[in-house]
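Peer 1: with the sequence up front, the predicted model follows.
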Amino acid sequence: MNETLLIFHLRRSRNKAKVCATSEALCLLHDLQATAPSGGPLSDRGSLFWIKVPTLLLEQVRDRLPRLGYTYAVDVLDPLQGHSCSHRNVSSEVVRWRGCSYRLVRLYEEDAALLRDRAPDRRLFALQTGDGQQRLIRGYRGDGGALSRRALAVCDSRLLVNLVHASEGATFLDPFAGIGGIVLEALDSGYRVMSSDLDPILRPGLEQLGSVHYVSDACHLPIDAERVHSRKNGKSFVGAAV
């Protein structure tokens, strides 16, 4: 089988989380026959990892790369001799690997501005006030305590969604929804989303995001136990917990 080696670049803030980033990529691409070799070109740089995919599935792989959380860019090798690939964004850097010379071709790079706009401190979120009204807030962090209800970064939310990647149309459960970072990423990944949180003031915002929401203790969800299954059991219900 003809395979293509992809070079995944970790975002600087997650350089020490290579194992998590590799697991995320493998889960996101598991049905596209992705594998993770132990080494590859540029191994001296330390802030990257490698994934092999069937060349025939490369376009399908590229379509999923914008969902990555811990990876900000993905390159493919373009041989300097022989047939050269048709991708744009060819780097001037020459890379030697297994006795051959290549240039790097940027297959994917995240839109930093779009990612920033999705950050918790940029998003508007609807809270329910004591008189039953709603007010829009930005950057909700709970009661102001240093470790109280801090919203997840976008890359962390995406990672958690990708680690339980399932087929399109599955239902995703977030039992500790907060201001909906994981909910938002699960919706964008094509899931039907169910959420819960013990705090009733969060309900308007989570419902407006598009989840079926419950004000409930995560230990006592109003959901039949037989409806909740993990991906590894082959069912269509996946869940995230942080």
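Peer 2: On my side now, so go ahead. Numbers count the residues shown, from 1 in each chain.

Peer 1: can you pull the buried residues of stretch 103-118?
Peer 2: 103-108, 110, 115, 118 (16 or more other C-beta atoms under 10 Å). C-beta: built from backbone N, CA, C; applies to glycine.

Peer 1: quick check: end-to-end length of that stretch?
Peer 2: Length of stretch 103-118, first residue to last, C-alpha to C-alpha, to the nearest Å: 33 Å.

Peer 1: give the rounded mean pLDDT of that stretch.
Peer 2: For stretch 103-118, mean pLDDT rounds to 93.

Peer 1: hmm, Val164 is touching Cys27, no?
Peer 2: Yes. Assessed by C-beta atoms under 8 Å, Val164 is found in contact with Cys27 at 7.2 Å.

Peer 1: hang on, the earlier thing: in JSON lines: the buried residues of stretch 103-118, plus secondary structure and distance to Leu56.
Peer 2: What follows is the buried residues of stretch 103-118, written out as JSON lines (DSSP: H, G, I helix; E, B strand; the rest coil; distance: C-beta to C-beta, whole Å):
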{"residue": "Arg103", "secondary structure": "strand", "distance to Leu56": "23"}
{"residue": "Leu104", "secondary structure": "strand", "distance to Leu56": "22"}
{"residue": "Val105", "secondary structure": "strand", "distance to Leu56": "18"}
{"residue": "Arg106", "secondary structure": "strand", "distance to Leu56": "21"}
{"residue": "Leu107", "secondary structure": "strand", "distance to Leu56": "15"}
{"residue": "Tyr108", "secondary structure": "strand", "distance to Leu56": "18"}
{"residue": "Glu110", "secondary structure": "coil", "distance to Leu56": "25"}
{"residue": "Leu115", "secondary structure": "helix", "distance to Leu56": "30"}
{"residue": "Arg118", "secondary structure": "coil", "distance to Leu56": "32"}
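
Peer 1: if I pick the residue nearest the centre of the chain, what's in contact with it?
Peer 2: Closest residue to the average C-alpha location of the chain: Arg158 at 2.6 Å, with C-alpha atoms, centre = their mean. Residues counted as contacts of Arg158 (C-beta atoms under 8 Å, 6 or more residues apart in numbering) are 24, 67-69, 185.

Peer 1: which ones among those lie within helices?
Peer 2: Residues of the contacts of Arg158 located in helices (DSSP state H): 24, 185.

Peer 1: which one of the contacts of Arg158 is nearest to Arg122?
Peer 2: Glu185 (14.8 Å; C-beta to C-beta).
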